[in-house]
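Undergrad: predicted coordinates and the sequence they were generated for:
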Amino acid sequence: MSFAFRQFQSQTTSAHLAQTMALLTLTSAELRQKIDAELANNPALELLEERTCPTCHRPLPPHGHCPVCSRPSSNAADEPIVFISPREDFFAGSGSGTSTEDMPEDNTATATEDLPTYVLRQVAPELDPQDRGLAAYILTHLNEDGLLTTTPLEVARYHHIPLSRVQNIISIIQHADPVGVGSACPEEALLVQLDILAESCEIPPYTREAIEEGLNLLSRHQYQELAHQLKISLTQTKEIAAFISENLNPYPARSHWGDSRDPGNAAMQVFHHPDIIINYLNDQPGNPLMVEIIMPLAGTLRVNPMFRQALRQAEENKMEDWKNDLERASLLVKCLQQRNNTMKRLMQRLVVLQRNFIINGEASLVPLTRAVLSKELEVHESTISRAVAGKAVQLPNKRMIPLSMFFSRNLNIRSVIKEIIERENRPLNDSELVRLLAKQDINIARRTVAKYRAMEGILPAHLRQIPGSSTT
C-alpha cells in the first residue's frame, strides 16, 4: 500500500468518523433540518419519495411499523425489539418539501433551569416565605463560577434588613447543590465543601489551614513553601493537595450539578416531541418492550444515480465541484447508517439494563454510568455522551424524559427518600431518614439527604403535615 493511498484512506476515515459523531449528537428534529439543508444544497443527494424501512429497505404498510424489523427475534419477554422508525408524525410535509422555516420555532426547544433557579428550588422549603425573595435576589448576583458578585453588607443595606438575616440565607444557599455556590471567593467555597465532606469521611490534618493560609501556594504547586509555612512535612502537604484536587472545587458552577453532566437539571427539561419511543408490543403490558428510534423522514436517501452519470460528461471547470458534491452525498448516506446502527446498539443494551425503571418507575433505576456502558459496547465514552445528549424518550406510560435520566446516579436514592416520606406516620427529620436509608445499604450524609429531599420539593420535617395528624 503506497503512502499516498494510506494518507487518503486515513483522511476518509477521519471524515467519516467526524461526520458520524456530529450526526450522533443531533436530535431527530435537528437531523431533519440537516438532511433538508443537504438536499437543498447538494444536487448529488436524492430522496426517493416512498415509504420504506430505513434498515431493511422493504416497503412499509400505509400505517404502522416495518413488519420485519419490528418482529420479536426471540420469545424472551425481557428482550426488547429495537428498530429505526421513519415517523413524520411530528413534522409537517415530507422530504425536501419542508424547509426549516416551515417548522415552528420552538418545535424541539428544551427549557432547562439555570443555576439560580435550580438552587432556589432546593433552598425555598428551608426558608421562611419572606426570605425567599431575598434568596432570589442574592442568586441573581452569581457569576459564571457560582460565586457572589455582591456582599452580604450591600444586600442588607439595599433591603434595610439585619446583616445576620442575609448571612443566614447565604449559608443555606451554600449548602445546596452545587455545594459552595453563593460563596464570596474560592477559599470560602472550598471551606464550605470541606465542612460537609467532614461529615462522611476523614479529612487530612491541616487541610483547612492550607486553604485559609496557602491556597495561592497550592495553586502554584509550591508545596515546599507551604510545608514550611504550616510546619508540616512535604509528604503531608502533597496529600492535602491531592485530597483537595480530588474532592473539592473552588468554582462550584463548574462542577457537575443537577442530574446530568450538562449544567441544569435534566429531569426538568421540557421536550416537545420524542427522539425515541418505548412501548409494549401490541400495546399490551407484559409483552416485550418495543423501541422506535425516530428517523424523521420517510423514503430512501441515496446518491443520485443521474448525477453520477452526468459527472462523466461534466465540463472540466465543474469536475472538481461535482466530485466534492458526490463525496459529500456518499459520506452523508454512510454516516447516517452508522448513526442509526450506533443508536440501535445503545438502546438495545440500555433498555435491557433499565427495563425495570422503564416499567416500574424511578425507584427501580439501576445506577449506571456512561463509562460502564461504553466498555460493554466497546466504544469510546464520548460516543455514548453524544448519542445521549439532548435526546428525549417517551416511556410506555407516555411520560417524556431525557435519555440522560437513564444514567442518573442519585435519582433512585431520591425516589427511595420520597417513598419513605410518603409512608411516614409522623414527619421524619433528615437524621432519621439517614438511619432508615442505612438499613437499605444507602449510606449518605444528612446534608445529602436534605439536598435530595429539597430537589424533590419536599418540606423539612418541622414544616410537613401528615394528613389526619398533627405535628408536635
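TA: The structure has been received and is ready for your questions.
Undergrad: show me the shaky parts of the chain.
TA: Within the chain, the segments meeting pLDDT under 70 span 1-16, 62, 64, 74-77, 88-113, 199-200, 255-272, 314, 408-412, 465-472.
Undergrad: give me phi/psi at I294?
TA: phi -70, psi 120 (degrees, to the nearest 10).
Undergrad: and it, how far from A156?
TA: 53 Å (Cβ to Cβ, to the nearest Å). C-betas here are computed from N, CA, C, even on glycine.
Undergrad: the two: which is more packed in?
TA: Of the pair I294 and A156, I294 is the one with more neighbours under other Cβ atoms under 10 Å, namely 27 against 17.
Undergrad: check contacts around that one.
TA: Going by Cβ atoms under 8 Å, 6 or more residues apart in numbering, I294 touches S28, S85, R87, F90, P274, D275, I276, I277.
Undergrad: show me which pair in the residues you listed is furthest apart.
TA: F90 and I276 (12.5 Å; Cβ to Cβ).
Undergrad: show me which of the two is the more surrounded one.
TA: Neighbour tally, F90 and I276, criterion other Cβ under 10 Å: the higher count belongs to I276, 22 against 17.
Undergrad: how many neighbours does the spatially closest residue to that one that is not a sequence neighbour have?
TA: Nearest non-adjacent residue to I276, counting by Cβ to Cβ, 6 or more residues apart in numbering: V393, 4.6 Å away. Residues near V393, counting by other Cβ under 10 Å, number 23.
Undergrad: residues in contact with V393?
TA: The contact partners of V393, by Cβ under 8 Å, 6+ apart, come to P274, D275, I276, I277, I278, M400, I401, P402, L403, M405, F406.
Undergrad: try it again at 10 Å.
TA: V393 is in contact with 271, 274-278, 291, 347, 350-351, 358, 399-406, counting by Cβ atoms under 10 Å, 6 or more residues apart in numbering.
Undergrad: who touches both of F90 and I276?
TA: Common neighbours of F90 and I276 (criterion: Cβ under 10 Å, 6+ apart): S28, I294.
Undergrad: look up phi and psi at S85.
TA: Main-chain dihedrals, S85, degrees, to the nearest 10: phi -120, psi 120.
Undergrad: can I assume it is in contact with R51?
TA: No - S85 is beyond contact range of R51, at 11.6 Å (criterion: Cβ atoms under 10 Å).
Undergrad: higher neighbour count, those two?
TA: Using other Cβ under 10 Å as the criterion, S85 and R51 rank with S85 on top: 23 against 16.
Undergrad: any figure for the gap between T55 and P86?
TA: 10 Å.
Undergrad: try P460
TA: 51 Å.
Undergrad: can you map out the strands along this structure?
TA: Assigned strands in the chain, in chain order: 45-48, 81-85, 276-280, 289-294, 300-303, 392-394, 400-402 (criterion: DSSP state E).
Undergrad: output those in a markdown table; the columns should cover distance to I240.
TA: A markdown table is the format used below for the strands of the chain (distance: least, Cβ to Cβ, whole Å):
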| stretch | distance to I240 |
| --- | --- |
| strand 45-48 | 59 |
| strand 81-85 | 50 |
| strand 276-280 | 46 |
| strand 289-294 | 49 |
| strand 300-303 | 58 |
| strand 392-394 | 44 |
| strand 400-402 | 38 |
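Undergrad: with respect to R312, which of those lies nearest?
TA: Evaluated with Cβ to Cβ, these place strand 300-303 nearest to R312, the distance being 14.2 Å.
Undergrad: and the closest one, which strands flank it?
TA: Neighbouring strands of strand 300-303 in its sheet, by DSSP bridges, are strand 45-48 (antiparallel).
Undergrad: for the partner strand, buried residues please.
TA: L45, E46, L47 (16 or more other Cβ atoms under 10 Å).
Undergrad: name the residues that touch it?
TA: Applying Cβ under 10 Å, 6+ apart, the contact partners of strand 45-48 are 35-36, 38-39, 94-97, 297-307, 325-326, 328-330, 332-333.
Undergrad: pull out the buried members of those residues.
TA: 35-36, 38-39, 95-96, 297-301, 303-304, 307, 325-326, 328-329, 332-333.
Undergrad: quickly list what's touching both of T55 and P86.
TA: Shared contacts of T55 and P86, defined by Cβ under 10 Å, 6+ apart, comprise C66, M295.
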